[in-house]
Every structure is written in structure tokens, then in C-alpha cells.
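take this sequence and fold it.
(3 chains)
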Amino acid sequence: MYVLWRIVVKEFLQLRQDHRMIPIVFVAPVMQLVLFGFAVNTDVTRIPTVLVDQDRSAASRALLDRFTRSGYFELAGVEDTVSGIDGWLVSGDAQVALVIGAGYGRGLSGDGTPRVQIIADGSDSSPATVALGYGRGIVAAASREAMAERLREWVRRAAEEGRALVPPGQIELVPRVWYNPDLKSRWFYVPAVLAMILMIMTLLLSAMGVVREKEIGTMEQIIVSPIRSWQLIVGKLFPFALIGLVQVFLVTALTVFGFGVPLRGSFALLVALTQLFVLNTLGLGLLVSTLVRTQQQAMMIAAFTLMLPMVYLSGLIFPIENMPRAIQYVTYAIPLRYYATIIRGIFLRGSGLDVLWPQALALALMGTAILALAALRFRKRLD
Amino acid sequence: MTKLRAVAVKELRQIRRDPLSLLMLLGLPAFMLVLYGFALNFDVRHVDLAVQDHDHTARSRELVAAFVRSTYFDLAATPAPGADLEDLTARGIARAVLVIPGGYGEELARGRPAEVQLLLDGADANTATTVLGYAGAVVAEANAEALRRTLMRAGGGEAVTGISYRPLVWYNPELSSTRFLVPGLMGVLLMLTAVLATALSIVREKERGTIEQLRVAPLRTVELILGKTLPYLAVSFLAAAIILLAARALFGVEVRGSYLALLAATLLYLLGALGLGILISTLADSQSVAFQGGLLVSLLPAVLLSGFIFQIRAMPAFLQLVTYAVPARYYLVILRGVIIKGSGLGPYPEEVAGLALFAVATLGLATLRLVREEA
Amino acid sequence: MALAVEIRDLGKRFGAFRAVDGISFDVAEGEIFGFLGANGAGKSTTIRMLCGLLRPTSGSARVLGIDVAKEPEEVKRRIGYMSQRFSLYEDLSVRQNLRFFGGVYGLRGAALAAREAWAVEMSGLAGKEDLLTGSLPGGWKQRLALACAVLHQPRIVFLDEPTSGVDPLSRRRFWRLIDAMSAEGVTVFVTTHYLEEAEHCHRLALIHAGRLSALGTVAGVKAVFRDHAVLEVAAPRIVEALETLARQPFVRDVSAFGTRLHVVVDDAAAGVSRVVAVLEAAGNGPATAERIVPSLEDVFIHHVQHEESRRREPAAGP
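Numbering: from 1, shown residues only, chains lettered A, B, ... in the order given. This is a model prediction of the structure:
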């Protein structure tokens, strides 16, 4: 135990000496929180729209009004012909074009078919899809209202003529949204920062910490001492785990008090399950350090072959359900996937261990396996 | 010129000696393209829907059919009355639950409004919003259809039509996300590799002390910077070519516009990125600081603040201002134009100016810093 | 006398490359044993095998009676090691380094405090305990590294080129420390390529291209020149003179030492006159030659050239 203690003390003394650790520990989380809190927002609003109104009637103006009032569309300009749209879409000044066909107004009152077309710039496919969906809803509502209007007229006339015409009942959709009733995307992304920060701090720093000693030659001096491998590993990794713990407090405080994201579950459970996750990242860091010779290689491997794919395949940003089946299976091998579920479960849904135990179990098993593999590779030899 | 070539040749040799880094520089783009191409997808389609039908009438079945017919929803489960609906979504069996109350059909037949409930897990707010929008459209269309049929009956078989809605997508009609990804990925990956490679290359010389040797040599700062930059410019161009080739081979995405415009824009963009890399290396003293700084200023803005995935319009005003300093923002607009829309540089004078300004600014600042360090 | 190190046919291969190619020798307890060789000759590989850092691919080695291949951890417990670069934490202070390395070897409490005080005293760092190690001059770092390596009072200490990159004054001071340790009965196994340092050693081994080319006391190793004489030769055009003499059958070895040549011949008196005659006949005069006492460097070069020529012509024999 005493030997272990000496290593831990040494690591902390070195951390204190390393002035760039302060910004990494404190500035990086804040910066990521701001970016994820404000920039990461997939809500599609105020889509710049160019209008081609071939009808020029009160009805077509009313439809345009429906589009802009929805908040999803914003009038960016007006063109006389469909051929004029191209310039707007190519330059990006407009993302969709709303084309109201000639005879739209007459069509609404029963004289012919009213035609509306929405042309979207498909180069940014995701907002285009959403815009087409919104447009569809708005047009359907307009269509419904126009027919309801006509029907009311008919019902009135039928009543005058003594006939009974019963208008069909209308369906009312009553949405009930659990956990995040205002549908703030910030609530989804901000807790994710906790996972990112933890991963960077524990995985990258532990990989680099070991490789740095290899590079400056002190590792050789330690390996030649009678210290046991596990003492060396635990001693070197423990400080990073502790930093990770500090990060949990820092990021949680900022998330809850700075961004107003509720922490509905137990903080103690969050801390406990975070330790299981950190077991995985520290193990991966150690594993990387046994594979490389220089800090640069450690950084490259850790960042590009581990951290980036883990972020993308974890469901932290991109929903796993949208991935092809084969890739979905791959995500089961990613510890971050389980931690992402845990974080969102505890923060937003207030889940307890009764719901999250499969994830916790997966993290514990994977963490132990990775750490064991890393420790096995980490022998006290140079060759 | 000889000196410049000496620096450049030395740099190229060192790049070649370090196969791991070279593999990262060249292999990473293709790897990321595949990863993104398959994994990165915000499109919400085929939402798993659970339906709890308390009504069991022709009308209620009609509504369910309308949901499924829209192709937005797939019927995933039909929980019995009394089932734990929250658990259904928590366990991921369904993304949303449609609850049709008893007496639904009857209310409608009497001409009275009937409520149906859509229960949603809002934790993933983006998906939930989209799902709500889809459901709203389906219900609005069902309502319109009901009205239309009543009108037709009352009108004695006279054809009644609602508004015909014809969506049309230009440039990328099948809304393929890989086609959309290629420009964004080029922006991200070129920035990443160019900034990191140059930042590390100078700091490495600092760490090893070889920079002193270069300083002592009768090299002008410009020669040193160009000598350091040109090899990485070449490697980055190679990376760009690999992305384009991979996109074509794997996903069938072709460049529709002019290659010359693509080359010019890429050159401007890379110059700015390389300048940024050198600037970082003049500020950092160790490789690990350079690496982390490089990641922070290259990867995060290029992914988050460029308009690649997240719409700049939707950001708060102060962040929108910040995006003007992100070159990927301009590059992305140009690339989408050239690769997907088949245009040249013509429609994008502001974007080209933005890229040029960024390149001049970073290279200028880097030169200033290096000159000062020498003094 | 008990043996501190026993090496039998020890070998280490890295792929096809034989870094150490079957060497055998013993080191007695309390000896200062010098292990000499050029860079890449196999010195560090050997010392790393003896410390349990590398696993031998052939042969065996025992340190203090323990097999390094079978029980490397037992070996590590009993030895001190100072690697080529003084591997201290430059971002820790002198005291923090001492505490850390003491702790790694299990020293604690009063014992640690006593050894710490001893180490500070020995390395002459009194009053500088709280300075960052990185800010110390090279000679001080090196003494501190030695102190760290022997904090736990090992009976044998391995020093891998301990004095490279250190000024001559510090080097001399360092060797006084080594002499003092040896006087206390500690075995010192030291590699170096500074030949004047080798004169401090009780016994020497010369390694070249992974093989042992000479072994014995300093005087003994030099005794290869018992039947030969070394002449120091001066001539106006030294490179030309080297080429001229190398072609003479009576010349056994010739090598450049600064502006002079060292020439090995069988007979001193005849050699002097023949060398001068040959050079002046070649128009490279006036030339001088005189007999000198061979230095270790002469011995070293002689052995290396001998070894090289033997390898080039294996049929010719030694």
C-alpha cells in the first residue's frame, strides 16, 4: 500500500507542476458545455424560403402567411417563375421554394385542384427532409380548413333546405411528452458533455501519462525497481480517476445550475456508475500506451481510432436507431453507449438501478476485461 | 529556392518515416467517410410506433392505417389496455405510443371532435420534435380526407379535391445522406489533418531542439514556413482526393461542378488551415499541448460551428458571430455548390473572400510570431 | 571470493539482429567492473538483461546468485540501476524525486529520512532539496540519479554510461563516489565509452559487435602489447602516411590519433627506423617515430580491428 501511495503522490505532484492541466480540467468542460448547449441544435426553424406565387390571390397570401406564422419558414425573397428559383438555392440564400400554382384560390372554393409545390435543396438532406414534412402538415391544415369552410356553407344550405348534413368529427392530436415536455434539445446534448469530458480526461491522459514516462526514460527506472505491475498501474491510473470524479461534480453543477437541465435521478448513482465507465476508459488508455512508443502515436490512436468512433457510434449525438442493423450490433461493443444511456436515464428520466442494471453490468464486465487485458500486456519488461 | 526545397524534402522524408502518422493522415478520411456514411443519420423515418386501440372500430383502424401508410411510422407493438406505456418507450420497443380512446369512432360519426393521444419520450428532443411533426401531418391529412369524403357525398358524387401537395427535392432527389456528407467531411477532415500535421511538425522540432539548428541556418522565415507547409499541402490534397475517390467508389457520389473551382477553393482552405497549424505551433511548447489545442480549434468548430450538421441559423446570435471566423463555414457552402449542385465559384464571392481572408490572417500572424521568436 | 555476476553464453536477438552474441564472464563482489564498447556494441542490451529488463534469448546470467531470466523481480529487488539518460522526473523537486524512488523500493519513515539525508549529502545537493530537478546542471542531476539508484543500499549497482554528456570535473567527482561505494563492498558494473574512465576499473570487458573481444585487469588487457610496440608517428601529410604505412607488411596496425599516427610493430627499434625510412622514401618527410606506452584506446582499437579482420577472413584464423 505504501508503495502505491508514493506513486499516487508523485503523480499529483507532477500534475500540480503541469500548468496546462488547469485549463484542460476547467476550461475544456466549460467550452464544450457552451458549444453543446448552444450550437448543437437540430431544431429546424426559420428555413429561408423563396416564394413563387402564380396565383396572387387572397388565398395564396393566406397560405404564405400560414407558412411564415408556423415559425418554420421565413420569406427570403420572391420570384416570378420557377426557373428563377435555381439561383436562390445554389447560392444558399434560400433552402426551399414554395410554389403556389395558378388557380389555387379558385381551387380552394371547389373550382379545380389547388396545387402547391415545395422544392427543397437536397444538398443538406436532413433539414430538407424536415422542411418537406412541415410543409406537408401546413398544407394539409390549409386544405382541411378550406374544406371545413365549404362544408359549413353546405351544412347551412342543407339546413335551409331542411336536409340533415352531419360534418365529420375532427381528430385532435393531444401530444404528451415525457421527461422533456418543452422538447428542449439542450436537455439532450448538455449531459452528453459529461461523457465526452470524462473520456478525454481519463482515456487520453492515461495513455499519454504512461507513454510520456517511456519517452523520458523514467519508465525504465521504475520497471527495474521491485514494484509490482498492479501497483504501478493502479498508482498511475488512480489520479486520473480522481480527476474524472472532480469533472463529474463540475459538469453536473454547470449542467444543472447553468443550463437548467434537471437531475431527476440520484447523484450518488451517477457517481457510482461513472466509476464503472472510467474503468473502461482508463483500461483503454493503458492498452493504447502498451501499443505505442511516442506520445504523438498515443494521441493519434486514442483520438482517432477510439474516441471519435466511440462518440459517433454511442448514440450520444446520432441516434443508434437510425443506423443500419449491422452497425447497431457494433455499438454494443462500445462502453460509451451504455454510459450515454445511463447519463440520460439518470438526468432526464430519473431512472434507478432497477432500470439501468443491464448497462451497469455491461460496463463492469467490459471494464474489467479491458483493464485485465491492458494489465496483461503491460509487463515489466522493455522487450 | 534551394533552401526551401531542402526544408520541404526533409519534411517529406520525415512524413514517410512515420508510417503511422501518414496512415492517420490518409486512411482517416476514408475511415471517417465510411463511419459517417453509415452511422451519421438524423433522418427520422420508420419510427417505431406502438398503438393502444381502446376503440376497435373501422375508424380507429383507419387512423392506424394512415399512420403506417405515411411511411414515417412502423407499427411495432399493440399493447393491451393497462400495459405500462412508459416502460414500452423506456425499453426502446417503441419511440411513440398512439392511444385511441374508446368511443373514438362514435364521436367522429356524431360530428364531434375525438381526441387521440400521442405519448412520446422527450429525452431525445430532436427526434421527438420530428415525430410530433409527422404525427401532426398524418392527423391533419386524415381530417382533410374525412371532410373531403363528406363533401363528395353531400355533393352527389361531384369530385372534391384537397390541396395537391407535391414535394420536390433538387440536387439530391433521393436525399442521400452520403452525398450531403461528402462536402462536410472534406471540410472537417482537411482542417483536422492539415492543422494537426503542421502544428505537431514544428513543435516536434522545438521539443527535439532541431529548431535551433534551423534558426541558425540562413533561412528566411518565409522559406521556413513555406518549406514546412508545402509538403503537408501535398499530403492534404492527397487526402482530399482519397475522400472524393472513396465517396465515388463506395457511395457513388460524383463531383457535378468544375474540378478547377474545387481545386481553387480547397487550396485557399488548406492554406488557411496550414497557417492555423503553424500559428498553434508557435504558441505551444509541447506536442501534447499542440495536439489538444489543434483538436480544439480545428475539429470542434468544423463539426459544430460550420453548418455541417447543425444549422447556423438556429444558434444564438453570439455564436452566429463566432461562425464567421470558422473557415469551414465558407468552404462548406462552396463545396455543396460545386459537388452537389454542379456550380462553379461564381455564386460564392463572399465565401471565397472569407476563405482568402482567413488564409492571409493566419499565415500573416504565424509569420509575425515566428519572426518575433527569432528576434 | 563470491561472484556478483555470472554470465554464460548470454545472447539476445532482435529479429535477425544479434545484439549480444554469446558472451561469458564473471564479476566478483566488490569489484568495479568496466564494460567497454562503442555505441551499439551491445553494452546496454547486456546490462538490461542483467537487470531483468530484457529477457535473454540464449544462455544464462545470474546476479547475486539469482537467475535473471527466471526470477527478474527477485533480481530487481537486490540491485541498483541507473540508465543511460538520467531518468529523473524533471518536473519534481530533488526531495520529491528521492521520496518517490525511495518509496518505490519500499523505504519509509525514519529509514527513508536517513537515506534521503545521506543522498543529499552524497550528491552535494544540501540546501537545494526543493529545487526542480530540471533546473539542475547535468553533473548534479547525474549525482542525484546515482543517489536515487542506491537509496535502498543494493549490493550491486549497474550504471549504464553514467557520465555521458557531463563535464570532466563532474565526471571526476562522480568516479570518486563510485570508488567510495566500491570501498564499502558494493559491486559496481559500469558501461562507458570514455576510455580514461576505464582506468578506474578493477577489471574490464571489451565488447564489440555483440561479442567479447577482451577481458581482464587494465594491465592485463593492455598486455596484448607485450610482444608488440606502439609507435607514435608524425609526418607532414598524415592521411597519406596512414595509407603508406597500412600497405607495409611489417606494420600490424595503424590508426590516427589527432594529428599523429599510432603504429603497432613487432620490434620497437627496428620499427622506428623502418617507419621513418618508408615515409621519407614516399616523399612524406621529415617524419618522426617514437615508442610510447600503449593507452587503453590503443588496446581498444587494436581489438576492434583485430576482430573486424577476423570476421572478414574467417578462413585465415586469428
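
run a quick neighbour tally on the nearest residue to residue A:336 once chain neighbours are set aside.
Nearest non-adjacent residue to residue A:336, counting by CB to CB, 6 or more residues apart in numbering or on different chains: residue A:314, 3.8 Å away. All C-beta atoms are positioned from the backbone trio N, CA, C, and that covers glycine. Residues lying near residue A:314 (other CB atoms under 10 Å in any protein chain shown) number 24.

same question for residue B:283.
For residue B:283, using other CB under 10 Å, the count is 14.

which residues in chain C form helices?
For chain C, the helices defined by DSSP state H cover C:43-50, C:72-78, C:94-104, C:109-122, C:138-149, C:168-183, C:195-198, C:218-222, C:238-246, C:268-281, C:296-312.

could you single out the most deeply buried of those?
Greatest average neighbour count among the helices of chain C goes to helix C:43-50 (a mean of 25), per mean count of other CB atoms under 10 Å in any protein chain shown.

got a list of contacts for it?
Outside helix C:43-50, the residues that touch it by CB atoms under 8 Å, 6 or more residues apart in numbering or on different chains are A:382, C:5, C:7, C:10, C:12, C:19-20, C:23, C:35-37, C:54-56, C:61, C:63, C:68, C:75, C:81, C:84, C:158, C:160-161, C:189, C:191, C:207.

let me see the ranges of the strands in the stretch 1-150 of chain B.
Assigned by DSSP state E, counting those that start in this stretch, the stretch 1-150 of chain B shows strands spanning B:47-53, B:73-77, B:96-100, B:114-121.

can you tell me how far residue C:229 sits from residue A:360?
83 Å (CB to CB, to the nearest Å).

please read the previous query as pertaining to residue C:27.
For residue C:27 relative to residue A:360 (CB to CB), the value is 57 Å.

between those two, who's got more neighbours?
The residue with more neighbours, out of residue C:27 and residue A:360, is residue C:27; 23 against 18, by other CB under 10 Å.

so the more buried one makes contact with residue C:61?
No: using CB atoms under 8 Å, residue C:27 makes no contact with residue C:61, being 10.6 Å away.

which residues of chain B lie near chain C?
By CB under 8 Å from any CB of the partner chain, no part of chain B sits against chain C.

just to revisit the earlier point, need the buried ones from the contacts of helix C:43-50 selected in ChimeraX.
Buried residues among these (16 or more other CB atoms under 10 Å in any protein chain shown), as a ChimeraX selection:
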select /A:382 /C:5,7,10,12,19,20,23,35,36,37,54,56,61,63,68,75,81,84,158,160,161,189,191,207
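
out of the contacts of helix C:43-50, which touch chain B?
Okay, of these, nothing touches chain B (CB under 8 Å from any CB).

and the strands in the stretch 101-250 of chain A, which stretches?
A:115-121, A:171-178.

tell me which residue of the stretch 1-150 of chain C lies closest to chain A.
When scored by CB to the nearest CB, the stretch 1-150 of chain C has residue C:103 as its residue closest to chain A, at 2.7 Å.

show me what contacts that residue?
A:2-3, A:5-7, A:9-10, C:112 are the contacts of residue C:103 under CB under 8 Å, 6+ apart.

quick one on the thing from earlier: highest mean neighbour count out of the strands of the stretch 1-150 of chain B?
Taking mean count of other CB under 10 Å, strand B:96-100 is the most buried of the strands of the stretch 1-150 of chain B, at a mean of 24.

that one packs against which elements?
If you count contacts as 3 or more CB pairs under 8 Å, 6 or more residues apart in numbering or on different chains; DSSP states H and E, strand B:96-100 packs onto strand B:47-53, helix B:58-69, helix B:85-90, strand B:114-121, helix B:125-154.

which of those sits closest to chain A?
helix B:125-154 (3.6 Å).

orientation of that closest one relative to strand B:47-53 in degrees?
50 degrees (axes from the mean of the first three to the mean of the last three CA atoms, to 10 degrees).

and the closest residue to chain C within the stretch 1-150 of chain A, which helix or strand is it part of?
Distances between the stretch 1-150 of chain A and chain C by CB to the nearest CB are smallest at residue A:6, namely 2.7 Å. According to DSSP states H and E, residue A:6 maps onto helix A:2-17.

please put the alpha-carbon coordinates of that helix into PDB.
Below are the C-alpha coordinates for helix A:2-17, written out as PDB (Å, rounded to 0.1, in the frame of the first residue of the first chain):
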ATOM      1  CA  TYR A   2       2.800   2.300   0.900                       C
ATOM      2  CA  VAL A   3       4.500   2.000  -2.500                       C
ATOM      3  CA  LEU A   4       1.100   2.700  -4.100                       C
ATOM      4  CA  TRP A   5       0.700   5.800  -2.100                       C
ATOM      5  CA  ARG A   6       4.200   7.100  -3.200                       C
ATOM      6  CA  ILE A   7       3.200   6.700  -6.800                       C
ATOM      7  CA  VAL A   8      -0.100   8.500  -6.400                       C
ATOM      8  CA  VAL A   9       1.700  11.300  -4.500                       C
ATOM      9  CA  LYS A  10       4.200  11.600  -7.300                       C
ATOM     10  CA  GLU A  11       1.500  11.800 -10.000                       C
ATOM     11  CA  PHE A  12      -0.300  14.500  -8.100                       C
ATOM     12  CA  LEU A  13       2.900  16.500  -7.600                       C
ATOM     13  CA  GLN A  14       3.600  16.300 -11.300                       C
ATOM     14  CA  LEU A  15       0.000  17.300 -12.200                       C
ATOM     15  CA  ARG A  16       0.400  20.300 -10.000                       C
ATOM     16  CA  GLN A  17       3.600  21.200 -11.700                       C
END
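
find the nearest non-adjacent residue to residue C:306, please.
residue C:213 (7.3 Å).

what about the one you found, how many residues nearby?
With other CB under 10 Å as criterion, residue C:213 counts 23.

could I get the contacting residues of it?
C:206-207, C:303-304, C:306-307.

out of those residues, which one sits closest to residue B:289?
Using CB to CB, residue C:207 comes nearest to residue B:289 of these, at 41.6 Å.

just the helices in the stretch 101-250 of chain A please.
A:104-108, A:125-160, A:185-199, A:205-216, A:218-223, A:229-253 (DSSP state H, counting those that start in this stretch).

looking at these, which is closest to residue B:51?
helix A:125-160 (20.4 Å).

does that closest one reach chain B?
Yes: judged by CB under 8 Å from any CB, helix A:125-160 comes into contact with chain B at A:125-130, A:132-137, A:139-144, A:146-148, A:150-151, A:154, A:158.

which of those residues are buried? Put it as a PyMOL command.
Typed into PyMOL, the next command selects the buried ones out of those (criterion: 16+ other CB under 10 Å):
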select buried, chain A and resi 125+126+127+128+129+130+132+133+134+135+136+137+139+140+141+142+143+144+146+147+148+150+151+154
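
hmm, back to that, let me have the strands of the stretch 101-250 of chain A in JSON lines, adding distance to residue B:162, mean neighbour count and mean pLDDT as columns.
Putting the strands of the stretch 101-250 of chain A into JSON lines (distance: least, CB to CB, whole Å; neighbours: other CB atoms under 10 Å in any protein chain shown; pLDDT from 0 to 100) gives the following:
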{"stretch": "strand A:115-121", "distance to residue B:162": "10", "mean neighbour count": "24", "mean pLDDT": "90"}
{"stretch": "strand A:171-178", "distance to residue B:162": "15", "mean neighbour count": "16", "mean pLDDT": "80"}
